[in-house]
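In: Predicted model and sequence below, questions to follow.
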Amino acid sequence: MALFFAWICAALSLTALSISGAFLWVLSRRLRDRTEELEELKQQFLEWNRKLEEKVAQRTQALESTHGRLEETYVETVTALIEAATAKDQYLSTHSHNVAAYAKAIAEEVGLSQERIHRLVQGCRLHDLGKIAIPDSILLKAGPLTLEEFEIVKQHPRWGARILEPLTFMRDVTEMVFEEHERWDGTGYPQGLKGAQIRLEARIIAVADTLDAMTSDRPYRRSVSLETACEELERCSGTQFDPTVVEACLKAVKEGALTLLTPEERHAQLVEKAYQRVARSKP
């Protein structure tokens, strides 16, 4: 009898082991199948994510390209307006280009990135945009302005900023145009900003603008030499101008990175601008 029960127990144990082994095999198979499914899903997800990144990159590139073309087109259009408004005055017709050249040299000495320098050059090209709203009788006056006339001229940064304001992608350029006539000591216009409240690019344009104004002939005064202009910039450092920007300007002049445009170069600018106007007028 005892032997019989022993055989029964052994049989039950073997059966249990068989069932357990079969269960473990099935479980192992299912886990392996599930692992393979998960790995397949992972690869599908990675592939989907890769394609999505490619599409996003393509769309971003397309948007950046469109954005760049829109920006260039608008700048060209506005520049054409400035050229049309200043075509009667040889100084004004080349002034923005001169300011851009001088500002670029100063900015490189300051250490601005190439992207910021590119935007600065755009700001220089547009810094007198608001002058299209000033009557020719004031803008081209061959002599000192009256107080009333000067108050009208002082509005041109505000008018220029209003023209650019709808273009949110040019907000930094708009700030340059708006703040170019602010002074380091807070006595400038139109907002009376002081020191670092003024955008750095606007502080650079202010120095470059004054440098070109002093070294260019006007109907009511003769130009001064680069040396004399630098002395005047140094005298006004800390009051009208940012000392750091003036220092960078003087260093650029000393090292030869900033030189005045020759009469021949200014004439070449006028010829090139005339060709550009003709090209734009063709259908």
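Out: That came through fine.
In: Helices of the chain, residue ranges please.
Out: Applying DSSP state H to the chain gives helices spanning 2-86, 90-110, 114-126, 136-139, 147-153, 156-164, 171-179, 200-214, 226-235, 243-255, 263-281.
In: where does the stretch 151-283 of the chain dip in pLDDT?
Out: 219, 262-283 (pLDDT under 70).
In: ok, the closest residue to residue 109 other than its chain neighbours - contacts?
Out: In this structure, residue 109 finds its nearest non-sequential neighbour in residue 248, 4.0 Å apart by C-beta to C-beta, 6 or more residues apart in numbering. Using the backbone N, CA and C atoms, a C-beta is placed for each residue, glycine as well. By C-beta atoms under 8 Å, 6 or more residues apart in numbering, the contact list for residue 248 reads 106, 109, 110.
In: For these, which single residue is the most surrounded?
Out: Top of those by neighbour number is residue 106, holding 28 neighbours under the definition other C-beta atoms under 10 Å.
In: Quick check: that one vs residue 223, distance?
Out: Distance of residue 106 to residue 223, computed by C-beta to C-beta, to the nearest Å: 20 Å.
In: Residue 137 too?
Out: 24 Å.
In: Which of these two has more residues huddled nearby?
Out: residue 223 (16 against 8).
In: The more buried one is in contact with residue 213, isn't it?
Out: No. Using C-beta atoms under 8 Å as the test, residue 223 is too far from residue 213 to be in contact (9.1 Å).
In: in this structure, which residue is closest to the centre?
Out: residue 119 (3.7 Å; C-alpha atoms, centre = their mean).
In: any idea how far that one is from residue 205?
Out: On the measure of C-beta to C-beta, residue 119 and residue 205 end up 11 Å apart.
In: what residues are shared contacts of these two?
Out: With C-beta under 8 Å, 6+ apart as the test, residue 119 and residue 205 both reach residue 176.
In: low pLDDT regions in the stretch 1-150 of the chain?
Out: 1-28, 31, 33, 38, 45, 67, 71, 74-75, 78-79, 81-93.
In: 90 - rerun?
Out: Along the stretch 1-150 of the chain, the parts satisfying pLDDT under 90 run over 1-97, 122, 125-126, 128-145.
In: and residue 259, how many neighbours?
Out: Residue 259: 13 neighbours (other C-beta under 10 Å).
In: Now distance to residue 47 too, for the contacts of residue 248, in CSV please.
Out: As requested, those are exported to CSV (distance: C-beta to C-beta, whole Å):
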residue, distance to residue 47
106, 51
109, 50
110, 48
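In: Which of those residues sits closest to residue 163?
Out: Checking those against residue 163 with C-beta to C-beta, the nearest one is residue 106 at 25.6 Å.
In: gap between the closest one and residue 40?
Out: Taken as C-beta to C-beta, the span from residue 106 to residue 40 is 60 Å.
In: same deal with residue 56?
Out: 25 Å.
In: Could you do residue 144 as well?
Out: 83 Å.
In: now residue 223
Out: 77 Å.
In: Repeat that for residue 159.
Out: 64 Å.
In: who's more crowded, these two?
Out: residue 159 (17 against 10).
In: residues in contact with the more buried one?
Out: Neighbours of residue 159 in contact, by C-beta under 8 Å, 6+ apart: 129, 130, 132, 133.
In: One more: residue 114?
Out: Per C-beta under 8 Å, 6+ apart, neighbours of residue 114: none.
In: same check, this time on residue 210
Out: Counting by C-beta under 8 Å, 6+ apart, residue 210 has contacts 229, 232, 233, 240, 241.
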